[in-house]
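Chemist: one predicted model, sequence on top.
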Amino acid sequence: MIVSMMQVLIEIPESFSIKDKRQVVNSIKETTIRKFRLSCAEVDLQDSLRFAQLGLALVSNSAEFGEKVMQKALAEIETGYPLRLHSWEIHSECFSQ
């Protein structure tokens, strides 16, 4: 079993309240879950008005496949929302018995 993971730090410059930020973050979460079948959660910076840290994960049988899906999700996040990507990291781990 291969688990591919991505951590993304984003800035939402047009966010002036937690409500503004939540609208963007929730939209990203819904899109990545629906379109890419990923698990997605805001994992840090919940109280920040402009910054969010998201964690995404996918279980598959191929690291190449998982990382390709993560790259596509990252491109969707970068181009589909009014935000700036500050950092991201994609990693796959193999779990076996």
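Modeler: Structure's in. What do you need?
Chemist: could you tell me which ranges of the protein sit under the pLDDT cut-off?
Modeler: Residue ranges of the chain with pLDDT under 70: 97.
Chemist: strands of that one, start to end?
Modeler: Defined through DSSP state E, the strands belonging to the chain, from first to last, are 2-11, 39-44, 51-60, 84-94.
Chemist: how about CSV for the ones you listed, with mean neighbour count added?
Modeler: Quick note: C-beta positions are derived from backbone N, CA and C, even for glycine. Putting those into CSV (neighbours: other Cβ atoms under 10 Å) gives the following:
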stretch, mean neighbour count
strand 2-11, 20
strand 39-44, 15
strand 51-60, 19
strand 84-94, 13
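Chemist: need those in a markdown table with distance to K29, can you?
Modeler: As requested, the strands of the chain are arranged in a markdown table below (distance: least, Cβ to Cβ, whole Å):
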| stretch | distance to K29 |
| --- | --- |
| strand 2-11 | 11 |
| strand 39-44 | 5 |
| strand 51-60 | 8 |
| strand 84-94 | 16 |
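Chemist: for Q23, which of the ones you listed is the nearest?
Modeler: The stretch from those with the least distance to Q23 (Cβ to Cβ) is strand 51-60; that distance is 11.6 Å.
Chemist: re the thing from before, out of the strands of the chain, which is closest to Q71?
Modeler: Across the strands of the chain, the minimum distance to Q71, taken as Cβ to Cβ, is reached by strand 84-94, at 7.1 Å.
Chemist: identify the residues contacting the closest one?
Modeler: With Cβ atoms under 8 Å, 6 or more residues apart in numbering as the contact definition, strand 84-94 has outside contacts at 1-11, 13, 51, 63, 66-67, 70-71, 74, 77-78.
Chemist: circling back: out of the strands of the chain, nearest to K21?
Modeler: For those, distance to K21 was read as Cβ to Cβ. The smallest value, 6.5 Å, belongs to strand 51-60.
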